[in-house]
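In: just to be clear, the model below is a prediction. Sequence and coordinates:
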Amino acid sequence: MGKIIILGMGLMGPTIAKDCISDPKIMRVVGCDIDESKLDAARSYIKSKKFSTMKLDITDSNALVKALKGFDVVVNASASKFSVSIVEAAIKAETNFIDLSAGTFPMEGDLYKRVLEAQITAVPGCGVDPGLIDILSGQGMDYMDKVEEVHFACGGLPKNPEPPLDYKIVFGGTRMPIRPGKVPIIIDGKVVDAERYDDLESIYVDGYDDMEAFYDGFPSSLLKLCLERGVKTFKCKTIRYNGFVDKIKFLLDLGVIDNKPIRYNGKEIVPVDFFHELIYPLVKFDENKGDRDITVLLVRVVGTKGDLDIEVTYEMVDEYDEKKKITSMAKTTGYTGSIIARMLAKGDIKEKGVQWPVRIIRGAMFEELLSNLRKRGVVINETITKSRDV
């Protein structure tokens, strides 16, 4: 019988916990946070004898190792900046690990060796992006002998956009995901660095304002897999409402979201830090004030199998669940994470070491993931088009 401990009882943690305890093979779930009010809210929301809470400072490495001992899986539902330190604790506690994010997780190195030596499994990037988007791309690639192109775009957005940015922070935290700089993509079979806000693409979703997609992302296991498969074109993008990129570029040109410190009234400040403080009240996602969200996901994989040209697409437009009062981002991210966590806790994932979802959630486990998401109201449509010259 599985035991799961979840770090972080913010936006994602309670959804993961409630979903995990619904599995009869999971006997115990513990939710941890340093904030007592979040623990109180989680207990009130979940209301199960299988669930309990623990006040824990995850920056205290000794306390973290002690807390993890005896559990089958630890889920990092806190900030991605804690991912590596939590894996370090999981190695010492001999506890399997999954992470919703993967922004700070290395793609190789000594950590991989030590996870394997500890005979545990660490699965980073088990949310929607990274996570679900990678798994779907990998499945599309599995239908082909030769993969030519992999494209994906994903975004969490307010259902009813409001100025000035037509955006709300639907993932949690207090800072918008603004990351000026370069993005690794594949063009003509080679990795190149593209400007993050370039190559705008129009996105149309019935019933919603027009959207746009722009380069976003970071070195990933999917990028690595694409290189292994000889993919000629790989593009990863984020979706926002039309006009978002123009506004961000304007702020960049003004230096408002620059990371370089400046002097103001005799003190040194970082412009982007001030920007986040200033803008947060306008972009804070607040369910109690009527905020609702959607998640849009698009994947397209192009290649060949034998003499057939094949195109595989996956599409998802998910909305806030009014009945269960769960945000779309918590559903698409949290449910993906909870399903993979339960697979790991029950021993369905047998590979040890660092295992990225695109590598292991294949075949029967891929079908199980999509089936379980569908049961929870997260519906992904798959379309396979085959053609040949005659």
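Out: Sure, I can see it.
In: what segments of the stretch 1-150 of the chain are helices?
Out: Using DSSP state H, counting those that start in this stretch, the helices of the stretch 1-150 of the chain run over residues 13-21, 36-46, 61-68, 83-93, 110-117, 132-142.
In: pull the residues that contact the third one.
Out: Contacts of helix 61-68 from elsewhere in the structure, counted by CB atoms under 8 Å, 6 or more residues apart in numbering, are 5, 32, 54, 56-58, 74, 85-86, 88-90, 92-93, 95. Backbone N, C-alpha and C define where each C-beta goes, glycine included.
In: just the mean pLDDT for the helix or strand hosting residue 279, thanks.
Out: Per DSSP states H and E: residue 279 is located in helix 271-283. Regarding helix 271-283, the rounded mean pLDDT is 94.
In: got the angle between the helix or strand following that helix and helix 132-142?
Out: Under the assignment DSSP H and E, the closest C-terminal helix or strand after helix 271-283 is strand 293-305. Here the directions of strand 293-305 and helix 132-142 differ by 20 degrees (axes from the mean of the first three to the mean of the last three CA atoms, to 10 degrees).
In: now do the SS call for residue 173.
Out: coil (DSSP: H, G, I helix; E, B strand; the rest coil).
In: pull out the buried residues from stretch 349-368.
Out: 349, 354, 355, 356, 357, 358, 359, 360, 361, 365, 366 (16 or more other CB atoms under 10 Å).
In: would you mind measuring the gap between the ends of it?
Out: 13 Å (CA to CA, to the nearest Å).
In: would you turn the helices of the stretch 1-150 of the chain into JSON lines with distance to residue 283 and mean neighbour count?
Out: Below are those laid out as JSON lines (distance: least, CB to CB, whole Å; neighbours: other CB atoms under 10 Å):
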{"stretch": "helix 13-21", "distance to residue 283": "21", "mean neighbour count": "26"}
{"stretch": "helix 36-46", "distance to residue 283": "21", "mean neighbour count": "16"}
{"stretch": "helix 61-68", "distance to residue 283": "31", "mean neighbour count": "17"}
{"stretch": "helix 83-93", "distance to residue 283": "24", "mean neighbour count": "20"}
{"stretch": "helix 110-117", "distance to residue 283": "34", "mean neighbour count": "14"}
{"stretch": "helix 132-142", "distance to residue 283": "23", "mean neighbour count": "25"}
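In: how about a markdown table for the ones you listed, with distance to residue 301 added?
Out: Below are the helices of the stretch 1-150 of the chain laid out as a markdown table (distance: least, CB to CB, whole Å):
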| stretch | distance to residue 301 |
| --- | --- |
| helix 13-21 | 29 |
| helix 36-46 | 38 |
| helix 61-68 | 37 |
| helix 83-93 | 28 |
| helix 110-117 | 27 |
| helix 132-142 | 3 |
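In: of those, which is nearest residue 263?
Out: Nearest to residue 263 among the helices of the stretch 1-150 of the chain is helix 83-93; the distance by CB to CB comes to 33.7 Å.
In: what does the closest one contact?
Out: 7, 58-59, 61, 64-66, 68-69, 71, 74, 76, 96-97, 99, 101-106, 111, 114-115, 118, 120, 122, 124.
In: of these, select the buried ones using a ChimeraX command.
Out: Buried residues within those, by 16+ other CB under 10 Å, are selected in ChimeraX with:
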select :7,58,64,65,68,71,74,76,96,97,99,101,102,103,105,111,114,115,118,120,122,124
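In: wait, which of the contacts of helix 61-68 is closest to residue 341?
Out: residue 74 (9.0 Å).
In: could you verify my assumption that the closest one touches residue 95?
Out: Yes: using CB atoms under 8 Å, residue 74 is in contact with residue 95, at 5.1 Å.
In: shared neighbours, these two?
Out: 5, 68.
In: returning to that earlier point: how far away from the center of its chain is the helix holding residue 279?
Out: Mean-position distance between helix 271-283 and its chain equals 23 Å (CA atoms, centre = their mean, to the nearest Å).
In: in that helix, what's buried?
Out: 271, 272, 275, 276, 279, 283.
In: sorry, back to before: can you tell me which of the contacts of helix 83-93 end up in strands?
Out: The strands, defined by DSSP state E, take in 7, 74, 76, 96, 97, 99, 122 from these.
In: turn the residues you listed into TSV, columns for distance to residue 381.
Out: TSV is the format used below for the ones in strands among the contacts of helix 83-93 (distance: CB to CB, whole Å):
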residue	distance to residue 381
7	33
74	33
76	30
96	32
97	32
99	27
122	31
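In: which one of those residues is nearest residue 24?
Out: Using CB to CB, the ones in strands among the contacts of helix 83-93 come closest to residue 24 at residue 96, 19.9 Å.
In: OK, contacts around that closest one?
Out: Residue 96 touches 72, 73, 74, 90, 120, 121, 122, 123, 344, 345, counting by CB under 8 Å, 6+ apart.
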